[in-house]
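K.L.:
What would the 3D arrangement of this be:
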Amino acid sequence: MGEIRFRLAKPSDAKEIAGVHWQVRDRYTQGIFLSLGKNFLSAYYRIILDDPWEVMVCAVNEDGRIIGFANTTMDAQSQSKNIKKHRIYLGLCAVSAIIRKPSIIKSIWQRYKSLNNDMDAPCFVNTEGVRGEILYDLGVREMYFEVDKFNTAVYKFHLKINKGIPIKEVVLPDGRIRVFMKKILTR
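P.N.:
Purely as a prediction, here's the structure:
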């Protein structure tokens, strides 16, 4: 493997980033994003990369091809509003997935409702504060994120190496256990 370099993502990277996300489906088969298809992922990342409160860093190989990425939102509430603002476009991008698997509508609706901080809705992501991984240098001293317990390697990494502090666990409609975590950022 050659040299890996890091750079900030640009809106024109959305399709390539979606492709990187899409490739994990061979190893991580659960979750709503992958079930909505590659076109949905491209649309989602176009929206995210056009949001001034999002910070995304890409890992690129020596050919300049994106081989990984990390995303941070500086304002999770703003991110929720931005996603809701684009709900019709994202919904249209999910139509082919809905046609292939109509039962996914319930999961989509639950995920959408969770953006409202509705106490009656299932909770899928933190919708307040800062969420992400590349923030200390930007002045953030604690961050929040979520990990599915099913994704054992990533979960163990966050517990042991990343020193993540579990805050709560929720059971998603498909039975997965998602752990909400907090990390105190230090040098």
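
K.L.:
Show me the beta-bridge partners of the residue positioned nearest the centre of the chain.
P.N.:
When C-alpha atoms, centre = their mean is applied to the chain, the residue found nearest the centroid is N71 (7.3 Å). Beta-bridge partners for N71, by DSSP bridges, are M56.

K.L.:
For it, give me the pLDDT.
P.N.:
The model reports N71 with a pLDDT of 83.

K.L.:
is it true that it touches I48?
P.N.:
Yes: counting by C-beta atoms under 8 Å, N71 touches I48, with 6.9 Å between them. In short, each C-beta sits where N, CA and C put it, glycine included.

K.L.:
Any chance you could list residues touching both of those two?
P.N.:
E54, M56 (C-beta atoms under 8 Å, 6 or more residues apart in numbering).

K.L.:
How about residues contacting stretch 9-21?
P.N.:
Applying C-beta under 8 Å, 6+ apart, the contact partners of stretch 9-21 are 33-34, 38, 41-42, 44-46, 48-50, 56-58, 65-69.

K.L.:
got the residue ranges for the strands in this structure?
P.N.:
5-8, 54-60, 66-73, 142-148, 165-171, 177-184 (DSSP state E).

K.L.:
and the shortest one, what's its mean pLDDT?
P.N.:
This predicted structure assigns strand 5-8 an average pLDDT of 88.

K.L.:
what do you get for the fourth one?
P.N.:
Mean per-residue pLDDT for strand 142-148: 87.

K.L.:
one step back: next one: the residue nearest to the centre of the chain from V95, what distance?
P.N.:
25 Å (C-beta to C-beta, to the nearest Å).
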